[in-house]
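# No sequence on hand, only this structure:
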């Protein structure tokens, strides 16, 4: 019986593999919401664009390399693995289910809750999409609203408001091909933004109203919480790679050089940079190194980051709940590390903004305590919480595949089955 979890974040620029485990009850106060990371592996990714796999062979090589490193560090076999799901193919919609409480005592049971959540899934889903998450927001018993767990309450009518996330069947198939090509079994998948939120938020912030934005290499993942539940999810098909491309063109430097310069000296705002500071650009074959003003870099980066943030703001407005975000915005992911990012985001979005790294982590903290690891650490947190099934919510307990998608089991089904069998 396994007591560890293997998580993989297949990003547009980096593949991360973590081996971790929920802390046992003997860990005292840390048990239940902390995970211990016991293995870390990373490798550059060349087969992923905007969150979607475009070259299976190249992605398999990156996954295999990262898995070997994580297995060597942990001394454990990463044969079953949970993957992040991201990309433009993801769609999020809100739905409501309604049932009658039929037992004689009119007391809501667990079977009633599962039945109403199943009813909320009776929506039209395109044949090329598959349900991966059914996330409960709140329940209503008769006229009493805002209930998080209705089991044991008395009533005649039970309603459930849920957020349903679907993913492209082709994209999920490609993810599975990559994982199986690396000699692994895909035990399930977690939406990237949902995983990131698990890593960087506490329950109080979810109740207050907050948006988590993970600025990755090729895509920005967005998830919004209002009154403790997911109310909106979306993606913006731009990320850090597009900033690197702009620098490569503007500085007339190779992409590899532009990426290093961005990470070491990049800034999201020109005003935070000393106008006299210079940096050395490494020379390319046949040319000597040269010096450029750091403010010149910021002048290239800032317009692209403004564009990305404006697209994010459009998505927040599209949700119709931007004014409910009393907790503001939490930025994470590698793109959030640019100097001046908080100020630029606050100015563009008109909300309070903080940049955050994964929380509640033990073990190799020095390796994963950076926004770049929010998704992979979040997969460990999310799986641990769902496995415990005592976290108070009903997330993903009844996410069955739509009949319009054909037979078989959804990613959510597989994650629950694997968790029940192995944890």
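Here it is on my side, so go on. What you are looking at is a predicted structure, and each value in this text was computed from that prediction instead of being measured. Residues are numbered from 1 along each chain as shown.

# quick one: low-confidence parts of the stretch 301-423 of the chain?
In the prediction, the stretch 301-423 of the chain carries residues with pLDDT under 70 at positions 387-423.

# In it, mark out all the helices, start to finish.
Along the stretch 301-423 of the chain, counting by DSSP state H, counting those that start in this stretch, helices occupy 341-349, 365-368, 374-388, 411-422.

# Helix or strand next in line after the host helix or strand of residue 112, which one?
For residue 112, the element it lies in under DSSP states H and E is helix 110-120. Next helix or strand after helix 110-120 toward the C-terminus (DSSP H and E): strand 129-141.

# residue contacts, residue 358?
Shown in contact with residue 358 (CB atoms under 8 Å, 6 or more residues apart in numbering): 199-200, 368-371, 373-374, 377-378. Backbone N, C-alpha and C define where each C-beta goes, glycine included.

# ok, 6 Å please
Residues in contact with residue 358 (CB atoms under 6 Å, 6 or more residues apart in numbering) are 199, 373-374, 377.

# which one is the most centrally placed residue in the chain nearest to, not counting chain neighbours?
Central residue of the chain (CA atoms, centre = their mean): residue 192, 2.1 Å from the mean position. The shortest distance from residue 192 to any residue other than its chain neighbours is 3.9 Å, reached at residue 86 (CB to CB, 6 or more residues apart in numbering).

# Hmm, residue 52 and that neighbour touching each other?
No - Residue 86 is beyond contact range of residue 52, at 8.4 Å (criterion: CB atoms under 6 Å).

# more crowded one of these two?
Higher neighbour count among residue 86 and residue 52: residue 86, with 33 against 21, using other CB atoms under 10 Å.

# which other helices and strands contact the helix or strand harbouring residue 260?
In the assignment (DSSP H and E), residue 260 maps to helix 255-265. Helices and strands touching helix 255-265, by 3 or more CB pairs under 6 Å, 6 or more residues apart in numbering; DSSP states H and E, are helix 240-251.

# could you check the angle helix 255-265 makes with the helix it packs on?
100 degrees (axes from the mean of the first three to the mean of the last three CA atoms, to 10 degrees).

# For helix 240-251, list every residue counted as buried.
Neighbour-count burial for helix 240-251 flags 240-244, 246-248, 251 (criterion: 16 or more other CB atoms under 10 Å).

# Give me the distance from it to the chain's centre.
Computed by CA atoms, centre = their mean, to the nearest Å, the chain-centroid distance of helix 240-251 equals 24 Å.

# Packing partners of it?
helix 255-265, helix 294-319.

# Partner strands of the helix or strand following the first one and their direction?
Using DSSP H and E, the helix or strand that directly follows helix 255-265 along the chain is strand 278-281. Partner strands for strand 278-281, per DSSP bridges, with pairing direction: strand 290-293 (antiparallel).

# can you list the residues that contact the strand it pairs with?
With CB under 6 Å, 6+ apart as the criterion, strand 290-293 contacts 278, 280-281.

# Swap in 7 Å and give it another go.
Contact partners of strand 290-293, identified using CB atoms under 7 Å, 6 or more residues apart in numbering, comprise 251, 277-281.

# Check stretch 336-352 too.
Counting by CB under 7 Å, 6+ apart, 215, 266-269, 272, 301, 305-306, 309-310, 313, 325, 328-329, 331, 353-355, 371 sit against stretch 336-352.

# Buried only: go through these for me.
Neighbour counting by 16+ other CB under 10 Å classes 215, 266-269, 301, 305-306, 309, 313, 325, 328-329, 331, 353-355, 371 among the contacts of stretch 336-352 as buried.

# where in the stretch 151-300 of the chain is pLDDT low?
Judged against pLDDT under 70, the stretch 151-300 of the chain has no low-scoring part.

# Can you tell me which of the contacts of strand 290-293 are buried?
Buried among the contacts of strand 290-293 by 16+ other CB under 10 Å: 251, 281.

# what's the offset of stretch 46-60 from the middle of its chain?
Relative to the centre of its chain, stretch 46-60 is centred 18 Å away, using CA atoms, centre = their mean.

# Just the mean pLDDT for that stretch, thanks.
Averaged across stretch 46-60, pLDDT comes to 90.

# Ok, stretch 128-142 next?
Averaged across stretch 128-142, pLDDT comes to 93.
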